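1. I'll drop the sequence and a predicted model, then ask my questions.
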Amino acid sequence: MALMTDHVSKKFDAELEGLRSRVMQMGGLVETQINHAIEAFMNGDKDGFEQVIADDHHVNAIEVSIDDDCAHIIARRQPTASDLRMVMAVSKIVTDLERIGDEAAKIARMGRQVYQRDHLLVPRLQEMRAMGDLAVRMLRDVLDAFVRMDPVAAARIVREDETVDDNFRGFLRLLVTYMMEDPRTISTALDIIFVSKALERIGDHVKNIAEDVIYIVKGKNVRHIALDELEREVLSDGM
């Protein structure tokens, strides 16, 4: 009987590890999507736009598959405590990753629209690249925090989302000023605003994933609480 229990336990551990690996695989694909979408936008790469949009279907399929696996694990294994939190959080994490992929595809669609018209180049695109680089770094860091189950690193990412929001507001002010100075650029500038908003939304989804990491480790839902309180929760000894 003990051997049977040990076998079941090892099989369950392997299933959880498989879930974690597939989350990382999906995260890597989404990170590539963001990078390709930004590069295509900066360079007017029409083939790059189409590739990002096409890859979104692959991301969607992975999300559905992992979510199904989570449901089957809960039904078969009836996990408890941290194992249950892990499975539930993975289901939420892949939803956020899928939505990040949607935002990357939105950047590609907006880019395609900009370069299909006789566009006027709008300055300050380097600020947009900086926003994109920050979003990608945050995604990479949150996936690393997920692998290491590091709530302190996750809390840092939650705070860093405020920088993304600040950058978006600053970039928005620059573009509004530019449109006022030269009304001919309004259509293109509006598309670029949608792109920068997509990057800001990616930061929001990364923050959600960071909060899920904290939930797995600490056992407390930290969404919708003040940032200072979240950081105190992470540093507390409660598990």
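-> Great, that's in hand. Numbers count the residues shown, from 1 in each chain.

2. use CA for all of it now, contacts and neighbours both
-> Noted.

3. residue 65: how many residues sit nearby?
-> The burial metric for residue 65, expressed as a neighbour count using other CA atoms under 10 Å, is 13.

4. pLDDT-wise, which helix or strand of the protein ranks last?
-> Counting by mean pLDDT, DSSP states H and E, the chain has its least confident helix or strand at helix 2-43, which shows a mean of 85.

5. which strands and helices lie in contact with that helix?
-> Packed against helix 2-43, as judged by 3 or more CA pairs under 8 Å, 6 or more residues apart in numbering; DSSP states H and E, are the following elements: helix 46-77, helix 81-116, helix 125-148.

6. state the distance from residue 12 to residue 83.
-> Plainly put, residue 12 is 10 Å away from residue 83 if you go by CA to CA, to the nearest Å.

7. now residue 26
-> Distance of residue 26 to residue 83, computed by CA to CA: 21 Å.

8. same question for residue 98.
-> Residue 98 sits 23 Å away from residue 83, going by CA to CA.

9. the more surrounded of those two?
-> residue 98 (25 against 17).

10. for residue 218, see how far away the more buried one is.
-> Noted for residue 98: a distance of 25 Å to residue 218, by CA to CA.

11. got a pLDDT number for the closest residue to residue 78 other than its chain neighbours?
-> If the residues on either side of it in the chain are set aside, residue 78 comes closest to residue 84, at 7.8 Å by CA to CA, 6 or more residues apart in numbering. In the predicted model, residue 84 carries a pLDDT score of 93.

12. what about residue 84, distance to residue 14?
-> Taking CA to CA as the criterion, residue 84 is separated from residue 14 by 15 Å.

13. same thing with residue 234?
-> Here the distance between residue 234 and residue 14 works out to 28 Å (CA to CA).

14. so those two - more neighbours on which side?
-> Legend: neighbour count by other CA under 10 Å for residue 234 and residue 14, higher for residue 234 (22 against 12).

15. touching, that one and residue 150? I think so.
-> No: using CA atoms under 8 Å, residue 234 and residue 150 do not qualify as a contacting pair, with a distance of 9.5 Å.

16. which neighbours do these two share?
-> When contacts are counted by CA atoms under 8 Å, 6 or more residues apart in numbering, residue 234 and residue 150 are jointly contacted by residue 214.

17. the residue lying closest to residue 101 once chain neighbours are set aside: neighbour count?
-> Computed as CA to CA, 6+ apart, the closest residue to residue 101 that is not its neighbour in sequence is residue 30, at 5.5 Å. The burial count assigned to residue 30 is 27, neighbours taken as other CA under 10 Å.
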